[in-house]
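Participant: 3D model of this:
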Amino acid sequence: MAWKVDPAHTSVEFSVRHMAITTVRGRFEKVEGSVDLKDGRLTEMRASIQAASVNTREPQRDEHLRSADFFDAANYPQLEFRSTRIEPRGEGRYLVVGDLTMRGQTHPVELTAEVTDVITDPYGQKRVGISAEGTLRRSQWGLTWNATLEAGRLLVADQVRIAVEVEATEVQEAASA
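Facilitator: Predicted coordinates for the structure are as follows:
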């Protein structure tokens, strides 16, 4: 059964070490996607994220992230994720392996995910929630811009943590004519 991601109740966030002393957090404001469930079990995840929608609450940094030094949003406007394998881990938990395409390069990522029970909202719409997290190395996608600080520390760490919160609604099939 197909479920559509509800953008108003979904977030894709990231965090990365800055100057090896603090963590900077950001999110993407424009996300679309879908998930598939079969008998209440997660079977597929897909997402499309607008690179230009990056928001770290610092306009100058956001413009730099949109530039060719990072996401190169003018030439690569979308980040795409598609699961390739989903392994149940019990009690609504899963290992989700998928391909992430960023800056025209596709590499695998692993996420741990937890799926809620399906509920019916006050308007009769069925909904499900999915929380997923993982890490990636930004350099795999060519995001290598950096500056070296004292004692060889880097301005921006290579490892990036990803946190995704999805609320999805069941897609109603059209009635046959």
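Participant: show me where the chain has helices.
Facilitator: 59-66 (DSSP state H).
Participant: low-confidence ranges in it?
Facilitator: Across the chain, the ranges flagged by pLDDT under 70 are 174-177.
Participant: contact partners of stretch 29-49?
Facilitator: Stretch 29-49 has contacts (C-beta atoms under 8 Å, 6 or more residues apart in numbering) with 1-5, 7, 10-12, 28, 50, 53-55, 78-83, 86, 88, 94, 96, 98, 113, 115, 117-118, 128, 130, 132, 164, 166, 168, 171. For every residue, glycine as well, the C-beta is placed using N, CA and C.
Participant: What of stretch 97-104?
Facilitator: By C-beta under 8 Å, 6+ apart, the list of residues contacting stretch 97-104 reads 45, 51, 71-72, 75-76, 78-87, 106-111, 136, 141-143.
Participant: Centre of the chain to the lengthiest strand in the chain, how far?
Facilitator: Longest strand in the chain, counting residues (DSSP state E): strand 156-170. Relative to the centre of its chain, strand 156-170 is centred 4 Å away, using C-alpha atoms, centre = their mean, to the nearest Å.
Participant: now do stretch 36-47
Facilitator: Counting by C-alpha atoms, centre = their mean, stretch 36-47 comes out at 16 Å from the chain centroid.
Participant: same thing with stretch 64-75?
Facilitator: Relative to the mean C-alpha coordinate of its chain, stretch 64-75 is positioned 17 Å out (C-alpha atoms, centre = their mean).
Participant: Likewise for stretch 135-148?
Facilitator: 17 Å.
Participant: So in that sheet, which strands flank the longest strand of the chain, and in what orientation?
Facilitator: Sheet pairing for strand 156-170, assigned by DSSP bridges, gives strand 2-5 (antiparallel), strand 11-18 (antiparallel), strand 126-137 (antiparallel).
Participant: Adding distance to residue 37 as columns, could you present those in TSV?
Facilitator: As requested, the strands paired with strand 156-170 are exported to TSV (distance: least, C-beta to C-beta, whole Å):
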stretch	distance to residue 37
strand 2-5	6
strand 11-18	20
strand 126-137	7
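Participant: so which of those comes closest to residue 154?
Facilitator: Closest to residue 154 of those, according to C-beta to C-beta: strand 11-18, at 8.4 Å.
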